[in-house]
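Colleague: Give me a 3D structure for the following:
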Amino acid sequence: MSTLKIKSMRGLAVLLAVALLLVSVFAAPVALAAKPTPTSAQPPAQGSFTDAFDSFDTARWAKADGWANGSPFWNGWLADHVTFANSVMNLTLDNVVSSGMPYTSGEYRTTGFYGYGCFEARFKPVAQPGVVTSLYTFAGPYDNGGNGKHNEIDVEFLGYDTTKFQANFWTNDDAYAQHHEYVVNLGFDASQSFHNYGFKWTSTGIQWYVDGALVYAVSDSASDPTPKTSDSLHKIMMNLWPVDSTASAWAGTFVYPGAPMSGQYDWMRYTQGESCTFGGPTPTPAPTSVPGNPTEMHVSNIVMSLVSRNTQATAKVTVVDGNGNPVANATVTGVWSGLVTSGDGSKVSGADGAALFYSGRSSNPGTFTFCVTGISKTGMTYNAGANAETCDSITK
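Modeller: Numbering: from 1, shown residues only. Next up is the predicted model:
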(Lines give C-alpha, C1' and ligand atoms only; values in the text may rest on other atoms or scores of the structure.)
Protein backbone atom coordinates (compact mmCIF):
# COMPACT_ATOMS: atom_id res chain seq x y z
CA MET A 1 0.00 0.00 0.00
CA SER A 2 2.62 2.60 -0.81
CA THR A 3 4.27 4.30 -3.70
CA LEU A 4 7.56 5.76 -4.74
CA LYS A 5 7.10 9.47 -5.20
CA ILE A 6 9.77 11.08 -7.33
CA LYS A 7 9.25 14.75 -7.91
CA SER A 8 10.91 16.04 -11.04
CA MET A 9 12.86 19.31 -11.26
CA ARG A 10 10.69 22.33 -11.15
CA GLY A 11 11.41 26.00 -11.07
CA LEU A 12 9.82 27.61 -8.10
CA ALA A 13 11.46 31.02 -8.20
CA VAL A 14 11.36 31.56 -4.46
CA LEU A 15 12.76 28.20 -3.36
CA LEU A 16 14.51 26.76 -6.47
CA ALA A 17 12.48 23.61 -5.95
CA VAL A 18 14.17 20.36 -6.96
CA ALA A 19 13.39 16.70 -7.21
CA LEU A 20 11.40 15.41 -4.30
CA LEU A 21 10.80 11.77 -3.43
CA LEU A 22 8.01 10.85 -1.04
CA VAL A 23 7.41 7.17 -0.45
CA SER A 24 4.36 5.80 1.24
CA VAL A 25 4.28 2.29 2.58
CA PHE A 26 2.31 -0.92 2.91
CA ALA A 27 0.88 -1.64 6.33
CA ALA A 28 2.50 -4.81 7.64
CA PRO A 29 1.28 -6.77 10.70
CA VAL A 30 0.68 -4.79 13.90
CA ALA A 31 0.32 -1.58 11.91
CA LEU A 32 3.95 -1.35 10.82
CA ALA A 33 4.61 -0.17 7.29
CA ALA A 34 7.07 -2.34 5.39
CA LYS A 35 8.48 -2.14 1.86
CA PRO A 36 5.38 -2.20 -0.38
CA THR A 37 4.00 -4.14 -3.29
CA PRO A 38 1.34 -2.71 -5.65
CA THR A 39 -2.34 -3.11 -4.86
CA SER A 40 -5.30 -2.99 -7.20
CA ALA A 41 -8.60 -3.20 -5.29
CA GLN A 42 -10.49 0.07 -4.82
CA PRO A 43 -10.85 0.70 -1.07
CA PRO A 44 -13.87 2.02 0.85
CA ALA A 45 -13.91 5.65 2.04
CA GLN A 46 -13.34 6.12 5.78
CA GLY A 47 -15.39 8.50 7.93
CA SER A 48 -14.64 11.46 10.20
CA PHE A 49 -12.29 11.05 13.15
CA THR A 50 -10.29 13.00 15.71
CA ASP A 51 -7.07 11.63 17.20
CA ALA A 52 -5.56 13.40 20.23
CA PHE A 53 -2.38 11.29 19.82
CA ASP A 54 -2.59 9.87 23.32
CA SER A 55 -1.24 6.56 22.01
CA PHE A 56 -0.61 4.49 18.87
CA ASP A 57 -4.02 3.63 17.39
CA THR A 58 -3.24 0.51 15.36
CA ALA A 59 -6.80 0.35 14.03
CA ARG A 60 -6.27 3.59 12.08
CA TRP A 61 -2.53 4.21 11.69
CA ALA A 62 0.70 2.49 10.65
CA LYS A 63 4.36 3.33 11.30
CA ALA A 64 6.96 3.08 8.54
CA ASP A 65 9.52 0.48 9.55
CA GLY A 66 12.69 -1.12 8.25
CA TRP A 67 13.25 0.46 4.83
CA ALA A 68 14.58 3.55 3.05
CA ASN A 69 13.25 5.63 0.14
CA GLY A 70 16.59 6.44 -1.44
CA SER A 71 17.64 9.82 -2.79
CA PRO A 72 16.73 12.57 -2.04
CA PHE A 73 15.66 11.07 1.31
CA TRP A 74 18.79 10.68 3.45
CA ASN A 75 17.22 8.44 6.06
CA GLY A 76 15.76 5.06 6.82
CA TRP A 77 12.42 4.60 8.62
CA LEU A 78 12.04 2.80 11.94
CA ALA A 79 8.83 2.36 13.93
CA ASP A 80 10.48 3.31 17.23
CA HIS A 81 11.07 6.83 15.85
CA VAL A 82 7.30 7.44 16.13
CA THR A 83 6.48 7.82 19.83
CA PHE A 84 3.70 9.20 22.04
CA ALA A 85 4.08 11.09 25.31
CA ASN A 86 1.88 13.61 27.12
CA SER A 87 -0.73 13.50 24.32
CA VAL A 88 1.83 14.49 21.66
CA MET A 89 3.17 12.39 18.79
CA ASN A 90 6.88 12.82 18.16
CA LEU A 91 8.51 12.03 14.82
CA THR A 92 12.21 11.86 15.70
CA LEU A 93 15.16 12.29 13.34
CA ASP A 94 18.57 11.15 14.62
CA ASN A 95 21.91 9.76 13.45
CA VAL A 96 21.08 6.10 13.96
CA VAL A 97 22.23 4.17 10.89
CA SER A 98 19.42 2.14 9.29
CA SER A 99 18.62 0.60 5.91
CA GLY A 100 21.97 1.75 4.55
CA MET A 101 21.31 5.40 5.41
CA PRO A 102 23.24 7.58 7.92
CA TYR A 103 20.05 8.88 9.58
CA THR A 104 16.74 7.45 10.80
CA SER A 105 13.35 9.12 11.22
CA GLY A 106 9.63 8.48 11.70
CA GLU A 107 6.63 8.39 9.37
CA TYR A 108 2.95 7.89 10.30
CA ARG A 109 0.06 7.22 7.92
CA THR A 110 -3.50 5.93 7.90
CA THR A 111 -4.25 2.35 6.98
CA GLY A 112 -7.47 3.44 5.24
CA PHE A 113 -8.39 5.95 2.53
CA TYR A 114 -10.29 9.25 2.74
CA GLY A 115 -12.27 11.48 0.40
CA TYR A 116 -13.47 15.08 0.28
CA GLY A 117 -13.35 16.90 3.59
CA CYS A 118 -11.24 18.95 5.99
CA PHE A 119 -7.80 17.64 6.97
CA GLU A 120 -6.23 19.45 9.93
CA ALA A 121 -3.36 18.87 12.37
CA ARG A 122 -1.84 20.91 15.16
CA PHE A 123 1.93 20.61 15.06
CA LYS A 124 5.38 22.20 15.35
CA PRO A 125 7.88 21.66 12.50
CA VAL A 126 11.64 21.29 12.89
CA ALA A 127 13.69 24.42 12.25
CA GLN A 128 16.82 22.92 10.70
CA PRO A 129 18.07 23.48 7.13
CA GLY A 130 17.57 20.41 5.00
CA VAL A 131 14.72 18.95 7.10
CA VAL A 132 11.13 18.57 5.81
CA THR A 133 8.14 18.34 8.21
CA SER A 134 4.85 17.44 6.54
CA LEU A 135 1.11 16.83 6.60
CA TYR A 136 -0.29 15.50 3.33
CA THR A 137 -2.66 13.14 1.57
CA PHE A 138 -1.45 10.69 -1.05
CA ALA A 139 -2.46 7.94 -3.47
CA GLY A 140 -0.58 6.03 -6.15
CA PRO A 141 0.09 2.55 -7.51
CA TYR A 142 1.31 1.25 -4.12
CA ASP A 143 -1.33 3.14 -2.13
CA ASN A 144 -4.09 2.62 -4.66
CA GLY A 145 -7.14 4.64 -3.74
CA GLY A 146 -8.88 4.04 -7.05
CA ASN A 147 -7.17 4.53 -10.40
CA GLY A 148 -3.65 3.78 -9.16
CA LYS A 149 -2.26 7.14 -10.32
CA HIS A 150 -0.32 9.73 -8.34
CA ASN A 151 -2.66 12.14 -6.51
CA GLU A 152 -1.48 14.28 -3.59
CA ILE A 153 -2.19 17.40 -1.49
CA ASP A 154 0.62 18.87 0.67
CA VAL A 155 1.52 21.05 3.61
CA GLU A 156 5.34 20.98 3.79
CA PHE A 157 7.67 22.96 6.05
CA LEU A 158 11.23 23.43 4.80
CA GLY A 159 13.43 23.71 7.88
CA TYR A 160 15.68 26.52 6.69
CA ASP A 161 12.75 28.98 7.08
CA THR A 162 9.82 27.90 9.26
CA THR A 163 8.08 31.26 8.88
CA LYS A 164 6.68 29.79 5.63
CA PHE A 165 5.19 26.55 4.37
CA GLN A 166 4.77 25.16 0.87
CA ALA A 167 1.31 24.21 -0.44
CA ASN A 168 1.21 21.82 -3.38
CA PHE A 169 -0.91 19.24 -5.22
CA TRP A 170 -0.76 16.68 -8.05
CA THR A 171 -3.64 15.24 -10.06
CA ASN A 172 -3.24 11.91 -11.89
CA ASP A 173 0.36 12.91 -12.49
CA ASP A 174 2.64 9.88 -12.65
CA ALA A 175 5.15 11.95 -14.67
CA TYR A 176 5.35 14.61 -11.93
CA ALA A 177 5.13 17.24 -14.64
CA GLN A 178 2.74 19.62 -12.86
CA HIS A 179 4.00 22.77 -11.11
CA HIS A 180 1.67 23.81 -8.29
CA GLU A 181 4.11 24.79 -5.51
CA TYR A 182 3.05 27.90 -3.61
CA VAL A 183 4.83 29.42 -0.60
CA VAL A 184 2.61 30.77 2.20
CA ASN A 185 4.15 33.44 4.46
CA LEU A 186 2.90 32.90 8.02
CA GLY A 187 4.12 36.02 9.82
CA PHE A 188 5.41 33.89 12.72
CA ASP A 189 7.97 31.13 13.34
CA ALA A 190 6.01 27.88 13.26
CA SER A 191 8.78 26.00 15.09
CA GLN A 192 8.26 28.02 18.28
CA SER A 193 4.70 26.97 19.16
CA PHE A 194 1.84 24.74 18.07
CA HIS A 195 -0.49 26.00 15.33
CA ASN A 196 -3.24 24.39 13.26
CA TYR A 197 -2.50 23.63 9.58
CA GLY A 198 -4.73 21.94 7.08
CA PHE A 199 -6.68 21.99 3.86
CA LYS A 200 -10.22 21.55 2.62
CA TRP A 201 -10.50 19.23 -0.38
CA THR A 202 -13.67 19.42 -2.47
CA SER A 203 -14.79 18.63 -6.02
CA THR A 204 -14.30 22.30 -6.94
CA GLY A 205 -10.79 22.86 -5.54
CA ILE A 206 -8.51 22.99 -2.50
CA GLN A 207 -8.25 25.60 0.27
CA TRP A 208 -5.36 25.79 2.76
CA TYR A 209 -5.94 27.07 6.30
CA VAL A 210 -3.76 28.20 9.23
CA ASP A 211 -5.40 28.43 12.66
CA GLY A 212 -8.81 28.30 10.98
CA ALA A 213 -8.09 31.19 8.56
CA LEU A 214 -7.96 30.75 4.79
CA VAL A 215 -4.45 31.51 3.45
CA TYR A 216 -4.47 30.09 -0.10
CA ALA A 217 -6.87 28.44 -2.54
CA VAL A 218 -6.88 26.84 -5.98
CA SER A 219 -9.94 26.14 -8.15
CA ASP A 220 -10.58 23.11 -10.28
CA SER A 221 -10.63 23.66 -14.04
CA ALA A 222 -10.70 21.52 -17.15
CA SER A 223 -7.20 22.65 -18.10
CA ASP A 224 -5.72 22.21 -14.62
CA PRO A 225 -7.90 19.87 -12.54
CA THR A 226 -7.55 19.28 -8.82
CA PRO A 227 -7.73 15.69 -7.44
CA LYS A 228 -11.12 13.95 -7.57
CA THR A 229 -12.53 11.18 -5.40
CA SER A 230 -14.00 9.67 -8.55
CA ASP A 231 -10.39 9.00 -9.57
CA SER A 232 -8.90 8.10 -6.21
CA LEU A 233 -9.29 8.34 -2.45
CA HIS A 234 -6.19 9.31 -0.42
CA LYS A 235 -4.29 8.15 2.65
CA ILE A 236 -3.35 10.72 5.32
CA MET A 237 0.38 10.90 6.09
CA MET A 238 2.88 12.78 8.27
CA ASN A 239 6.66 12.48 8.16
CA LEU A 240 9.97 14.14 9.04
CA TRP A 241 13.05 13.64 6.88
CA PRO A 242 16.46 15.06 5.89
CA VAL A 243 17.31 15.77 2.26
CA ASP A 244 20.56 14.72 0.61
CA SER A 245 22.64 16.99 -1.61
CA THR A 246 20.36 16.52 -4.62
CA ALA A 247 17.59 18.46 -2.86
CA SER A 248 19.59 21.02 -0.89
CA ALA A 249 18.69 23.85 -3.28
CA TRP A 250 15.04 23.21 -2.45
CA ALA A 251 15.10 22.49 1.30
CA GLY A 252 18.54 23.66 2.41
CA THR A 253 21.74 21.75 3.15
CA PHE A 254 21.36 19.24 5.97
CA VAL A 255 24.10 19.01 8.60
CA TYR A 256 23.29 16.88 11.63
CA PRO A 257 23.21 19.28 14.62
CA GLY A 258 24.59 16.74 17.10
CA ALA A 259 21.30 15.88 18.83
CA PRO A 260 17.98 14.30 17.75
CA MET A 261 15.23 16.55 16.36
CA SER A 262 11.49 15.96 16.70
CA GLY A 263 8.49 17.19 14.77
CA GLN A 264 5.70 17.36 17.34
CA TYR A 265 2.03 16.69 16.49
CA ASP A 266 -0.61 17.56 19.09
CA TRP A 267 -3.64 16.18 17.27
CA MET A 268 -5.09 15.29 13.86
CA ARG A 269 -8.67 15.69 12.69
CA TYR A 270 -10.53 14.68 9.53
CA THR A 271 -14.09 15.93 8.91
CA GLN A 272 -15.81 14.11 6.07
CA GLY A 273 -17.76 15.93 3.34
CA GLU A 274 -17.57 19.03 1.17
CA SER A 275 -19.57 21.11 3.67
CA CYS A 276 -16.95 20.70 6.42
CA THR A 277 -15.56 23.74 8.24
CA PHE A 278 -12.41 24.56 10.21
CA GLY A 279 -12.26 25.94 13.74
CA GLY A 280 -13.96 23.14 15.65
CA PRO A 281 -13.26 22.44 19.34
CA THR A 282 -9.73 21.39 20.28
CA PRO A 283 -9.53 17.62 20.78
CA THR A 284 -9.40 16.65 24.45
CA PRO A 285 -6.54 14.34 25.46
CA ALA A 286 -7.30 11.20 27.39
CA PRO A 287 -6.69 11.35 31.15
CA THR A 288 -3.10 10.59 32.18
CA SER A 289 -1.28 10.23 35.46
CA VAL A 290 -1.99 12.77 38.17
CA PRO A 291 0.62 15.51 37.52
CA GLY A 292 3.45 15.28 39.97
CA ASN A 293 2.27 12.02 41.55
CA PRO A 294 5.48 10.16 42.48
CA THR A 295 3.60 6.99 43.47
CA GLU A 296 2.23 6.31 39.97
CA MET A 297 4.31 4.77 37.22
CA HIS A 298 3.85 4.12 33.51
CA VAL A 299 5.74 3.29 30.31
CA SER A 300 7.35 6.36 28.75
CA ASN A 301 8.61 4.50 25.68
CA ILE A 302 9.54 1.16 24.14
CA VAL A 303 12.55 1.01 21.82
CA MET A 304 12.85 -2.04 19.56
CA SER A 305 16.08 -3.21 17.90
CA LEU A 306 17.29 -6.16 15.83
CA VAL A 307 20.33 -8.07 17.13
CA SER A 308 22.17 -11.36 16.56
CA ARG A 309 22.35 -10.81 12.80
CA ASN A 310 18.66 -9.91 12.70
CA THR A 311 17.56 -13.26 14.14
CA GLN A 312 16.48 -11.75 17.46
CA ALA A 313 14.83 -8.56 18.74
CA THR A 314 15.22 -6.53 21.89
CA ALA A 315 12.60 -4.34 23.58
CA LYS A 316 13.88 -1.63 25.90
CA VAL A 317 10.99 -0.55 28.16
CA THR A 318 11.47 2.66 30.15
CA VAL A 319 9.35 3.19 33.29
CA VAL A 320 8.82 6.64 34.82
CA ASP A 321 6.75 8.10 37.65
CA GLY A 322 4.16 10.88 37.49
CA ASN A 323 6.94 13.48 37.48
CA GLY A 324 8.72 11.82 34.56
CA ASN A 325 11.52 10.47 36.76
CA PRO A 326 12.96 6.98 36.05
CA VAL A 327 11.64 4.21 38.29
CA ALA A 328 14.33 1.73 39.32
CA ASN A 329 13.73 -1.81 40.63
CA ALA A 330 10.29 -2.11 39.06
CA THR A 331 9.31 -5.56 37.79
CA VAL A 332 8.12 -5.28 34.20
CA THR A 333 6.28 -8.18 32.57
CA GLY A 334 5.42 -8.65 28.92
CA VAL A 335 4.75 -11.04 26.06
CA TRP A 336 6.23 -11.60 22.61
CA SER A 337 4.08 -12.23 19.54
CA GLY A 338 4.29 -12.24 15.77
CA LEU A 339 7.43 -13.94 14.45
CA VAL A 340 8.21 -15.55 17.83
CA THR A 341 6.29 -16.14 21.04
CA SER A 342 9.30 -17.05 23.20
CA GLY A 343 11.70 -14.78 25.01
CA ASP A 344 12.10 -12.81 28.21
CA GLY A 345 8.80 -12.33 30.03
CA SER A 346 9.93 -10.49 33.15
CA LYS A 347 12.73 -8.00 33.83
CA VAL A 348 13.63 -5.50 36.56
CA SER A 349 14.30 -1.88 35.63
CA GLY A 350 17.69 -0.34 36.27
CA ALA A 351 18.66 3.07 37.63
CA ASP A 352 17.65 4.65 34.30
CA GLY A 353 14.17 3.10 34.56
CA ALA A 354 14.89 0.76 31.62
CA ALA A 355 14.24 -2.98 31.43
CA LEU A 356 15.77 -4.80 28.45
CA PHE A 357 13.92 -7.82 27.03
CA TYR A 358 15.28 -10.32 24.47
CA SER A 359 13.03 -12.31 22.14
CA GLY A 360 13.50 -15.85 21.00
CA ARG A 361 15.37 -16.32 17.72
CA SER A 362 14.12 -16.87 14.19
CA SER A 363 15.85 -16.73 10.81
CA ASN A 364 12.52 -16.21 9.01
CA PRO A 365 11.33 -12.80 7.79
CA GLY A 366 8.53 -11.17 9.75
CA THR A 367 7.63 -8.88 12.65
CA PHE A 368 8.70 -9.10 16.30
CA THR A 369 6.11 -7.58 18.66
CA PHE A 370 6.45 -6.94 22.38
CA CYS A 371 3.63 -5.81 24.70
CA VAL A 372 3.91 -4.79 28.34
CA THR A 373 1.40 -6.69 30.47
CA GLY A 374 2.22 -5.27 33.89
CA ILE A 375 4.57 -3.26 36.13
CA SER A 376 4.87 -3.71 39.87
CA LYS A 377 6.88 -2.15 42.69
CA THR A 378 6.16 -1.95 46.38
CA GLY A 379 4.57 1.38 47.29
CA MET A 380 3.75 2.33 43.69
CA THR A 381 0.76 1.90 41.37
CA TYR A 382 0.91 1.05 37.66
CA ASN A 383 -1.24 3.43 35.58
CA ALA A 384 -1.50 1.68 32.21
CA GLY A 385 -3.73 4.45 30.87
CA ALA A 386 -0.81 6.88 31.07
CA ASN A 387 1.48 4.72 28.89
CA ALA A 388 2.98 6.54 25.93
CA GLU A 389 2.89 3.11 24.28
CA THR A 390 2.13 -0.36 25.56
CA CYS A 391 3.22 -2.38 22.51
CA ASP A 392 5.83 -1.89 19.84
CA SER A 393 7.13 -3.88 16.88
CA ILE A 394 10.03 -4.14 14.48
CA THR A 395 10.09 -5.87 11.11
CA LYS A 396 13.01 -7.53 9.37
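Colleague: quick one: the strands in the stretch 251-396 of the chain?
Modeller: 261-272, 296-307, 312-321, 331-338, 346-348, 354-358, 367-376, 381-382, 391-395 (DSSP state E, counting those that start in this stretch).
Colleague: swap that for the stretch 101-250 of the chain, please
Modeller: For the stretch 101-250 of the chain, the strands defined by DSSP E, counting those that start in this stretch occupy 103-105, 107-110, 117-124, 131-139, 151-158, 164-170, 182-185, 195-202, 205-210, 213-219, 235-242.
Colleague: Just the pLDDT for His179.
Modeller: Here, the pLDDT recorded for His179 equals 87.
Colleague: Tell me how many other residues surround it.
Modeller: For His179, the count of nearby residues is 12 (other Cβ atoms under 10 Å). C-beta here means a position set from N, CA and C on the backbone, and glycine is covered the same way.
Colleague: now do Ser219
Modeller: By the criterion of other Cβ under 10 Å, Ser219 has 10 neighbours.
Colleague: Ok, the one 3 residues further on next?
Modeller: Residues near Ala222, counting by other Cβ under 10 Å, number 5.
Colleague: okay but Asp266 is in contact with Arg122, surely?
Modeller: Yes - counting by Cβ atoms under 8 Å, Asp266 does reach Arg122; the two are 4.1 Å apart.
Colleague: which residues are common contacts for those two?
Modeller: Phe194 (Cβ atoms under 8 Å, 6 or more residues apart in numbering).
Colleague: Give me the below-cutoff pLDDT ranges for this protein.
Modeller: Scanning the chain for pLDDT under 70 picks out 1-41, 280-282, 284-291.
Colleague: Turn the strands of the stretch 251-396 of the chain into JSON lines, including mean neighbour count.
Modeller: As requested, the strands of the stretch 251-396 of the chain are exported to JSON lines (neighbours: other Cβ atoms under 10 Å):
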{"stretch": "strand 261-272", "mean neighbour count": "22"}
{"stretch": "strand 296-307", "mean neighbour count": "21"}
{"stretch": "strand 312-321", "mean neighbour count": "24"}
{"stretch": "strand 331-338", "mean neighbour count": "19"}
{"stretch": "strand 346-348", "mean neighbour count": "14"}
{"stretch": "strand 354-358", "mean neighbour count": "20"}
{"stretch": "strand 367-376", "mean neighbour count": "20"}
{"stretch": "strand 381-382", "mean neighbour count": "17"}
{"stretch": "strand 391-395", "mean neighbour count": "26"}
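Colleague: how about the ones you listed in TSV, adding distance to Gln42?
Modeller: Listed next are the strands of the stretch 251-396 of the chain as TSV, based on distance: least, Cβ to Cβ, whole Å:
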stretch	distance to Gln42
strand 261-272	18
strand 296-307	34
strand 312-321	36
strand 331-338	29
strand 346-348	46
strand 354-358	41
strand 367-376	27
strand 381-382	45
strand 391-395	27
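Colleague: residues touching Phe84, list them.
Modeller: Phe84 makes contact with Phe53, Asp54, Ser55, Phe56, Asn90, Ala388, Glu389 under the criterion Cβ under 8 Å, 6+ apart.
Colleague: Buried residues of the host helix or strand of it, list them for me.
Modeller: Following DSSP states H and E, the helix or strand that holds Phe84 is strand 82-85. By neighbour count, with 16 or more other Cβ atoms under 10 Å as the criterion, the buried positions of strand 82-85 are Val82, Thr83, Phe84, Ala85.
Colleague: Spatially, which residue comes closest to the first one, not counting chain neighbours?
Modeller: Leaving aside its chain neighbours, Val82 sits nearest to Gly106 (3.9 Å; criterion: Cβ to Cβ, 6 or more residues apart in numbering).
Colleague: One more: the third one?
Modeller: Excluding its sequence neighbours, the residue lying closest to Phe84 (Cβ to Cβ, 6+ apart) is Ala388, at 4.6 Å.
Colleague: can you check the last one too?
Modeller: Distances taken as Cβ to Cβ, 6+ apart place Ala388 nearest to Ala85, at 4.2 Å, with adjacent residues excluded.
Colleague: quick check: domain ranges of the chain?
Modeller: Taking automatic domain parsing as the reference, the chain has its domains at 4-272, 296-395.
Colleague: Residues in a beta bridge with Gln166, which ones?
Modeller: Glu156, Val183 (DSSP bridges).
Colleague: Wait, it touches Glu181, no?
Modeller: Yes - under the criterion of Cβ under 8 Å, Gln166 makes contact with Glu181 at 5.7 Å.
Colleague: and Tyr136, how far is that from Phe199?
Modeller: According to Cβ to Cβ, to the nearest Å, Tyr136 and Phe199 sit 9 Å apart.
Colleague: list residues touching both of those two?
Modeller: With Cβ under 8 Å, 6+ apart, Tyr136 and Phe199 have common neighbours Ile153, Val155.
Colleague: I'd like to check which residues are in contact with the residue lying closest to Thr331 once chain neighbours are set aside.
Modeller: Nearest residue to Thr331 in three dimensions, chain neighbours excluded: Ser376, at 5.0 Å (Cβ to Cβ, 6+ apart). Applying Cβ under 8 Å, 6+ apart, we find Ser376 in contact with Ala330, Thr331, Thr333, Tyr382.
Colleague: can you rerun that using 7 Å?
Modeller: Ser376 makes contact with Ala330, Thr331, Tyr382, according to Cβ atoms under 7 Å, 6 or more residues apart in numbering.
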